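1. One predicted model, sequence on top.
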Amino acid sequence: MTCAFERQLSAYIDGELELREMARLRDHLDACRSCACAEAELRKLVSAVGALPMEAEPPPGQFTLIAARLDLEERPGLSRWSLRVSLATGLVAAAAALVLVVVRRPQPRVVATTRVAETSLLADARHEFQQAEEHYEQAARTLRAIAERDRRAWRPELARAFDDNLRTIDEAIERYRVAARKNDADPIAMDNLFAAYRRQIDFLREAIDQGAAGAHEMDPL
Amino acid sequence: MRKGWALFLAMFVPVAARADEQVWKQQVAWPADDVEHLAVDNRLGSVTVRGWDRSEVQITATKRAAPEILSRLRVHMTKFDDGRMVIDTRVKLEAGELILPLGAGRVDLTIDAPRGVRLGARTWSGDLAAAGMRGGARLETEAGRIDVSDVTGAVVARGRRSNQHLTLIRGDVDVDDLEGDVILQQITGDRIVAHLLRGTIRADRLLARTISLEAMIGRVEFVLGENQLVELRARARGGRVVVGGQPQEAGMFRGMVGMRSAAPASRVELISYGGDVLVQLVSARF
């Protein structure tokens, strides 16, 4: 039988629960034999993980891969609990094999799933940032193409000012891009980069408007 | 200067959810007599702000995620001495709590706030709605929908891939979007500006000294109300300019349009580079 409290055990042992939830779960452990056994097992797993050598860390990407598997539907006949334990077992076995360390039993679950979830969340945010960046770049490319087509009709001083300003903006974007790459998934670095893209897009749009207004002898409002 | 207290909405009430996710919901209210500026930053879901006549801010937060992620989603409220109240959502990681967008978890915020506060709100892909405010609003989203209605004061709306609908605004309006449709209805101000890279701008019943609407690759539709006179300048590089059903030569129009009235004429500029500009003259339609 699966108990509703089981899914909180990991956070409980990691000390991540709020005080009130901790107390509630502690009371429950006194009364529920199944959860008490699971908790004892979990604590053993955690201490086993602590004994693993640091070099046992899987290569980059491995956690994300396993996180993706964790997101899959539960296997028939396996409870959520046993599914997690089996996946975590696989993870630790792989990690241990990397440094030829044999760990017979038990296998860690808590630390692995915590790190898996964290890696997965960061990958998720990174994906969102990447999509946004691609969209800004695509918009800027579209406007550049329009500006390039139009500039033949622009006044020479407008074309010169356009080139100078655009070069400066491009350099700023490159600096922000380098900073964003260094601080992977850092929301502030990404905000700065997106703000720079917006400035570039505004500039391109204004230049196109001014050029067109000049060609039609109309002042922009 | 931080006033020394912040709210962490941790004790939520579980409600029904899909099999693979949990939903937790909580409502908290705080006094807001001295709050002048309400700033909301929620990259994890939607934000709905409704103006009310009580001098308190009430936050209703709904978190949705798989159990292992749910506990990482946090809602914070911080009040500063300078009259600012900041509400934001964060993701708890080993390195600390970060304001991040996520596809794997969601936090939706509904906030009731005193009408007079100045509102600033931001989302990532969640929808953004503001209604009944009297201190203006600045709304930004990357890929959500923006809905603003019944707002007094300047409204600034920024989107990257969003549809925007602004209606019943009494104040200046400045709209910018890269991709999506923009609908502007019943707006009265001094200056109304909308820029869109790709999509359609529809404007209906706009009254302002200056109106400038531009859809670079898209269409601009402008409905001129009864008893409204405008000094119109319209350009469509790749499409047609049609004024009152009449296509204009060279995709351009410049002149006075509408009916004489006591109100001063608006200066209206409508621009499209890759689509049509349509001006409808509708009389007795209100």
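-> Happy to help now that I have it.

2. Next to chain A in this structure, residues from the stretch 1-150 of chain B, please.
-> By Cβ under 8 Å from any Cβ of the partner chain, the residues of the stretch 1-150 of chain B that approach chain A are B:10-11, B:43, B:66-69, B:71-72, B:91, B:93-94, B:98-105, B:124-125, B:142-143. Where you see a C-beta, it was placed from the backbone N, CA and C, and this is true even at glycine.

3. tell me the pLDDT at residue 56?
-> Since no chain was named, I'll use chain A. In this prediction, residue A:56 carries a pLDDT score of 43.

4. You answered for a different chain; I wanted chain B.
-> Reported pLDDT at residue B:56 in the predicted model: 96.

5. what does residue A:210 give?
-> For residue A:210, pLDDT reads 84.

6. who touches the residue nearest to residue A:128 when sequence neighbours are not counted in this structure?
-> Using Cβ to Cβ, 6 or more residues apart in numbering or on different chains and skipping the chain neighbours, the partner closest in space to residue A:128 is residue B:101 (4.2 Å). Residue B:101 makes contact with A:125, A:128-129, B:43-44, B:124-125, B:142 under the criterion Cβ atoms under 8 Å, 6 or more residues apart in numbering or on different chains.

7. Most neighbours out of those, which is it?
-> Greatest neighbour count in those, by other Cβ atoms under 10 Å in any protein chain shown, goes to residue B:44: 30 neighbours.

8. Check the secondary structure at whichever residue of the stretch 101-250 of chain B sits closest to chain A for me.
-> Proximity of the stretch 101-250 of chain B to chain A (Cβ to the nearest Cβ) peaks at residue B:101, 4.2 Å away. Three-state call for residue B:101 (DSSP: H, G, I helix; E, B strand; the rest coil): coil.

9. just checking, residue A:35 is part of a strand?
-> No. Going by three-state DSSP, the assignment for residue A:35 is helix, not a strand.

10. Could you check how far it is from residue A:41?
-> 10 Å (Cβ to Cβ, to the nearest Å).

11. So for these two, which residue has more residues nearby?
-> residue A:35 (21 against 15).

12. For that one, give me its contacts.
-> Listed by Cβ under 8 Å, 6+ apart, the contact set of residue A:35 reads A:3, A:5-6, A:9, A:28-29.

13. Can you say which of those are buried?
-> Applying a neighbour-count criterion of 16 or more other Cβ atoms under 10 Å in any protein chain shown, the buried members of the contacts of residue A:35 are A:5-6, A:9, A:28-29.

14. In strands only, show me those.
-> Among these, no member falls in strands (criterion: DSSP state E).

15. Which one of the residues you listed is nearest to chain B?
-> residue A:6 (10.0 Å).

16. Surely that closest one touches residue A:39?
-> No. The pair residue A:6 / residue A:39 is not scored as a contact, 9.2 Å apart, by Cβ atoms under 8 Å.

17. Do a quick rundown of the strands in the stretch 1-150 of chain B.
-> Secondary structure of the stretch 1-150 of chain B (DSSP state E, counting those that start in this stretch): strands located at B:2-8, B:13-15, B:22-31, B:37-42, B:47-52, B:56-65, B:73-80, B:84-93, B:96-98, B:105-114, B:118-123, B:128-131, B:137-141, B:146-152.

18. strands paired with the fourth one, and their directions?
-> It stands for strand B:37-42. Using DSSP bridges, strand B:37-42 pairs in its sheet with strand B:84-93 (parallel), strand B:118-123 (parallel).

19. Pick the most deeply packed of the ones you listed.
-> strand B:118-123 (a mean of 23; mean count of other Cβ atoms under 10 Å in any protein chain shown).

20. got the angle for it vs strand B:47-52?
-> 160 degrees (axes from the mean of the first three to the mean of the last three Cα atoms, to 10 degrees).

21. mean confidence score for strand B:118-123?
-> pLDDT averaged over strand B:118-123 gives 98.

22. Outline the domain layout of chain B.
-> Following automatic domain parsing, chain B resolves into domains at B:1-123, B:163-286.

23. Reformat the ones you listed as a markdown table; add distance to residue A:192.
-> Compiled in a markdown table, these are given as follows (distance: least, Cβ to Cβ, whole Å):
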| stretch | distance to residue A:192 |
| --- | --- |
| domain B:1-123 | 14 |
| domain B:163-286 | 18 |
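
24. Lowest mean pLDDT among the helices and strands, pick that one out for chain A.
-> Here the helix or strand of chain A ranked lowest by mean pLDDT, DSSP states H and E is helix A:62-70, holding a mean of 37.

25. looking at it, residue A:5 is touching residue A:26, isn't it?
-> No. Using Cβ under 8 Å as the test, residue A:5 is too far from residue A:26 to be in contact (10.5 Å).

26. Let me know which of the strands of the stretch 1-150 of chain B is the nearest to residue B:220.
-> strand B:146-152 (18.6 Å; Cβ to Cβ).

27. quick check: angle from the closest one to strand B:137-141?
-> Using the same axes, to 10 degrees: strand B:146-152 against strand B:137-141 is 180 degrees.

28. contacting residues around strand B:146-152?
-> Contacts of strand B:146-152 (Cβ under 8 Å, 6+ apart): B:127-137, B:139, B:155, B:157, B:159, B:162-171.

29. how about residue A:177, what does it touch?
-> residue A:193.

30. and whichever helix or strand it is part of, which residues are buried?
-> Using DSSP states H and E, residue A:177 falls within helix A:156-182. Buried residues in helix A:156-182, counted by 16+ other Cβ under 10 Å: A:159, A:162, A:166, A:169, A:172-173, A:176-177, A:180.

31. Just give me the closest of those residues to chain B.
-> For the buried residues of helix A:156-182, the nearest to chain B is residue A:180 (13.6 Å; Cβ to the nearest Cβ).

32. so that closest one touches residue A:189, yeah?
-> Yes. Between residue A:180 and residue A:189 there is a contact under Cβ under 8 Å: 4.3 Å.

33. quick one: residue B:223 and residue B:233, what's the gap?
-> Taken as Cβ to Cβ, the span from residue B:223 to residue B:233 is 17 Å.

34. Ok, residue B:213 next?
-> 11 Å.

35. Next, the angle from the helix ranked longest in chain A to strand B:84-93.
-> Longest helix of chain A, by residue count under DSSP state H: helix A:110-150. Relative orientation of helix A:110-150 and strand B:84-93, computed by the same axes, to 10 degrees: 120 degrees.

36. The strand ranked longest in chain B - contacts with which helices or strands?
-> Secondary structure of chain B per DSSP E: the longest strand is strand B:191-207. For strand B:191-207, the elements it packs on are helix A:110-150, helix A:187-215, strand B:173-179, strand B:182-188, strand B:210-224, judged by 3 or more Cβ pairs under 8 Å, 6 or more residues apart in numbering or on different chains; DSSP states H and E.

37. mind giving me TSV with the ones you listed and columns for distance to residue B:147?
-> Listed next are those as TSV, based on distance: least, Cβ to Cβ, whole Å:
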stretch	distance to residue B:147
helix A:110-150	21
helix A:187-215	22
strand B:173-179	13
strand B:182-188	10
strand B:210-224	19
